[in-house]
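Asks: Model the following, please.
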Amino acid sequence: MTGSTSDEQGGSERSEEFLESLPNPALTIDNEGAIVRINQAWLNLASASDLWLHRYRRGIDYIQAARSACGGRTRQGHEAADGLREVIDRERDIYSLKYSCAYSGQQRWFRMKATPFRQGGLIIHQDITGLELERQWSRALFKNSTSAIALLDEEGRVKDINDRFRECFGYSLSLIRGQKLDDVLEKGRAGSVNREKTKKALQNRKFEFEGRRYDREGRPREYLIKGVPVDLNGEVKGIYAIFDDITDKKNQRRRLKYISYHDVLTGLYNRKFMKEQIKRLDTERQLPLSLIMLDINGLKIINDGFGHEMGDKLLVRAADIMSNSIRGEDILARWAGDEFVILLPQTSREEAGRIAARIEHRCEKTYRDRCDEDLTVSPPVSLGVGVASKTKPSICIKETLKTADKRMYRDKSKNGMTAKKEMLNCLLQRLFRRSYESEEHSCRVAGLAIRLGAKLKLSDDIIEDLATLGRLHDIGKLAVSEEIIKKQDELNEREWQAIKKHAEKGAQLVAPVREYAHLSSSIESHHEHWNGRGYPRGKRGEEIPLLARIIALCDAYDVMISGRPHQKALSPEEALQEIERCAGEQFDPELARRFVKMLKYDRRREGR
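Replies: Numbers count the residues shown, from 1 in each chain. Modelled structure (predicted):
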């Protein structure tokens, strides 16, 4: 008996020493679940927490206390009691339970582990507050992240997804749990590359790349995809697959790249791109390497007369004609404001000339065959063209470009004025089509002006200018909206102000044409009044060019006897009386007298 008692005392002392050596709160229980020993760490925990000392002292039924602490008759309470009993009965080697309690005024988390010990069990409580807070923080980050995140297991199968993942891809966790993520998001479209990246992450290696993934409806989006291994004690237990939608960013990058190499207005390549292509294709293999330089004739006419918006339409139409006239392997670019370049690899000068001729022919149709089309839809296009070819490696491509440029300007000097005149004629035809300013009216005004010029004994050159003015004096009305031009009722103040601008617009239209430039001041002044109350500049008397004063008389007379939508026609006698009445105010008094005398004489001779 004595030996047995001595052994028990020795074992008890060793158990107590063992408990005290443990850094974590610990206690032992007997085979009935009663507390046998408690270490100091446990007493410290109990005294500073809501685990009251009187609930956990020697002899107390720990299983019942644990049940109460876990909620009594709740499921967790029953599980705690059953787990501890199974350890005591040697039905399991370990039982673990996580719980929280108030400790020193703060919430802390512990993990209780129970293992068989002697006839009962050993209970150790480990403070896992740091790990739990980290886990909660990670979980909150996972759940609320702006990135779509999927947690995968060791085989790359889906274990969990966050809300953003559901938003991006349209899957709930129940639909894809246990499936391989690559199969879900690639929908059979990708090869083995992405699966290799998944394997890489499972080998504890991070990855990052850009790729396309598909949502539940099969719609593609671009993502920045990251793989972060879940490493627990050096062992990979899964992967965080992180997806950041970069579709808009990539589209923006594509747009910026497009803009950096394209002209925004025409959609053609720009000068920067063309210079790179010239450098890239300047090789012996591409010889002969030809260049076509093109420059729009009359862009200033359109810009000045109708505004830059119409000028932009002209540039776009010219670009369309050129684009539809070249071959697939040719490169077309907008080189400068109204200049374009076509690069033709492996093309002789003769073949390049045929392509240039095709472009010119199609441009000619816009102002010769299609003058009845709406100006805003189909502005007339005329081009100056120069062609040059590099035939030997020793020739500098820059010299070839200069040669093409010189030939283009030579062509503009030779044919540009003719093209501009034809454009003006085309514009006139469009004016006649869209307004009451008929071709007959222009011809009648020109005829009256020629007759009056002859009576005044003006030179043949001036009389020829009068004939031209008769046709061109109202060309500026092309810049006035058709709605105003064709209005049947009287014009309001805003509409009248728009009409009054046509004289200046007409002058701007003819000024760039060398043959007509000297007539621009007369076109601008043909609505000025002798008394200075006309428009656009309020000139008076002989400040008004003679030709403008003559055209003003002839134009007014023909308008009066022809009528307008909002103005009844007068008889020739009434019109002449009106001219006599306005002499010295609206009209040059001497010219008015000569004009009336001329027409009255004609009427007497004709017996009217």
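Asks: my guess is Ile485 contacts Lys477, does it?
Replies: Yes: with contact defined as C-beta atoms under 8 Å, Ile485 counts as touching Lys477 (6.2 Å). Backbone N, C-alpha and C define where each C-beta goes, glycine included.
Asks: Relative to Asp330, how far out is Tyr171?
Replies: Per C-beta to C-beta, to the nearest Å, Tyr171 is found 49 Å from Asp330.
Asks: Ok, Glu210 next?
Replies: Taking C-beta to C-beta, one finds Glu210 at 34 Å from Asp330.
Asks: would you list every one of the strands in the stretch 451-600 of the chain?
Replies: Counting by DSSP state E, counting those that start in this stretch, one finds no strands in the stretch 451-600 of the chain.
Asks: What segments of it are helices?
Replies: For the stretch 451-600 of the chain, the helices defined by DSSP state H, counting those that start in this stretch cover 460-472, 482-485, 493-500, 502-510, 520-525, 546-562, 572-582, 589-605.
Asks: So for Ile395, which of the ones you listed sits nearest?
Replies: Ile395 sits nearest to helix 502-510 of all the helices of the stretch 451-600 of the chain, at 42.4 Å, using C-beta to C-beta.
Asks: Would you mark the buried spots in that closest one?
Replies: Buried positions in helix 502-510, judged by neighbour count with 16 or more other C-beta atoms under 10 Å: His502, Ala503, Glu504, Lys505, Gly506, Ala507, Gln508, Leu509, Val510.
Asks: Kindly calculate the angle that it makes with helix 460-472.
Replies: Orientation check (axes from the mean of the first three to the mean of the last three C-alpha atoms, to 10 degrees): helix 502-510 against helix 460-472 gives 120 degrees.
Asks: Helix 502-510 - contacts with which helices or strands?
Replies: Other helices and strands packing on helix 502-510, by 3 or more C-beta pairs under 8 Å, 6 or more residues apart in numbering; DSSP states H and E, are helix 299-306, helix 397-434, helix 520-525.
Asks: of all those helices, which lies closest to Asp182?
Replies: Each of the helices and strands packed on helix 502-510 has some distance to Asp182 by C-beta to C-beta; the shortest is helix 397-434, at 49.8 Å.
Asks: How far off centre is the closest one?
Replies: Centroid separation for helix 397-434 versus its chain: 34 Å, with C-alpha atoms, centre = their mean, to the nearest Å.
Asks: which secondary structure elements does that helix contact?
Replies: strand 289-296, helix 299-306, helix 349-368, strand 383-390, helix 439-455, helix 460-472, helix 502-510.
Asks: tilt between that helix and strand 289-296?
Replies: 30 degrees.
Asks: Over to Glu134: give its phi and psi.
Replies: For Glu134, the backbone dihedrals (degrees, to the nearest 10) come out as phi -60, psi -40.
Asks: if I look at it, how far off is Ala140?
Replies: Using C-beta to C-beta, Glu134 is found at 11 Å from Ala140.
Asks: Can you tell me the closest non-neighbouring residue to Gly353?
Replies: Excluding the flanking residues, the one nearest Gly353 by C-beta to C-beta, 6 or more residues apart in numbering is Val387, at 5.3 Å.
Asks: That neighbour touches Val341, doesn't it?
Replies: No: assessed by C-beta under 8 Å, Val387 is found out of contact with Val341, at 11.3 Å.
Asks: List the contacts of Phe169.
Replies: When contacts are counted by C-beta atoms under 8 Å, 6 or more residues apart in numbering, Phe169 touches Ala148, Val184, Leu185, Arg213, Asp215, Arg216.
Asks: Now the buried members of those residues.
Replies: In these, the ones that pass as buried (16+ other C-beta under 10 Å) are Ala148, Val184, Leu185, Arg213.
Asks: Among these, list the two that are farthest apart in space.
Replies: Pairwise distances across these (C-beta to C-beta) peak at 12.2 Å, for the pair Ala148 and Val184.
Asks: Can you pick out the ones from the buried ones among the contacts of Phe169 that are in helices?
Replies: Secondary structure assignment (DSSP state H) places Val184, Leu185 from the buried ones among the contacts of Phe169 within helices.
Asks: OK, contacts around Ala318?
Replies: With contacts defined as C-beta under 8 Å, 6+ apart, Ala318 is in contact with Leu294, Ile296, Phe340, Cys363, Val381, Leu383.
Asks: how about 7 Å then?
Replies: Shown in contact with Ala318 (C-beta atoms under 7 Å, 6 or more residues apart in numbering): Ile296, Val381, Leu383.
Asks: Which of these scores worst on pLDDT?
Replies: In terms of pLDDT, Val381 ranks lowest among these, with 88.
Asks: any idea how far Leu294 is from that residue?
Replies: Separation of Val381 from Leu294 (C-beta to C-beta): 10 Å.
Asks: what does Leu27 give?
Replies: 96 Å.
Asks: Where does Ser47 sit, in terms of helix or strand?
Replies: helix 40-48 (DSSP states H and E).
Asks: Give me the secondary structure label for the nearest residue to Thr146 once chain neighbours are set aside.
Replies: Spatial nearest neighbour of Thr146, excluding adjacent residues (C-beta to C-beta, 6+ apart): Arg164 at 6.3 Å. Three-state call for Arg164 (DSSP: H, G, I helix; E, B strand; the rest coil): helix.
Asks: before we move on, what about Gln126?
Replies: Under three-state DSSP, Gln126 falls in the strand class.
Asks: Could you double-check that it lies in contact with Met112?
Replies: No: with contact defined as C-beta atoms under 7 Å, Gln126 does not count as touching Met112 (8.0 Å).
Asks: Contacts only, for the closest residue to Trp42 other than its chain neighbours.
Replies: Leaving aside its chain neighbours, Trp42 sits nearest to Pro25 (3.9 Å; criterion: C-beta to C-beta, 6+ apart). Contacts for Pro25 (C-beta under 7 Å, 6+ apart) come out as Asn39, Ala41, Trp42, Leu45, His125.
Asks: Dump the buried residues of helix 502-510 into JSON lines; add distance to Arg57 and pLDDT as well.
Replies: Shown next, in JSON lines, are the buried residues of helix 502-510 (distance: C-beta to C-beta, whole Å; pLDDT from 0 to 100):
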{"residue": "His502", "distance to Arg57": "110", "pLDDT": "90"}
{"residue": "Ala503", "distance to Arg57": "113", "pLDDT": "93"}
{"residue": "Glu504", "distance to Arg57": "109", "pLDDT": "92"}
{"residue": "Lys505", "distance to Arg57": "107", "pLDDT": "88"}
{"residue": "Gly506", "distance to Arg57": "112", "pLDDT": "89"}
{"residue": "Ala507", "distance to Arg57": "112", "pLDDT": "91"}
{"residue": "Gln508", "distance to Arg57": "108", "pLDDT": "87"}
{"residue": "Leu509", "distance to Arg57": "110", "pLDDT": "84"}
{"residue": "Val510", "distance to Arg57": "114", "pLDDT": "85"}
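Asks: For Asp588, state which of those is nearest.
Replies: Ranked by distance to Asp588 (C-beta to C-beta), the buried residues of helix 502-510 are led by Ala503 at 17.2 Å.
Asks: ok, now which ones touch that closest one?
Replies: Applying C-beta under 7 Å, 6+ apart, we find Ala503 in contact with Gly476, Ile523, Glu524, His526, His527, Tyr535, Pro536.
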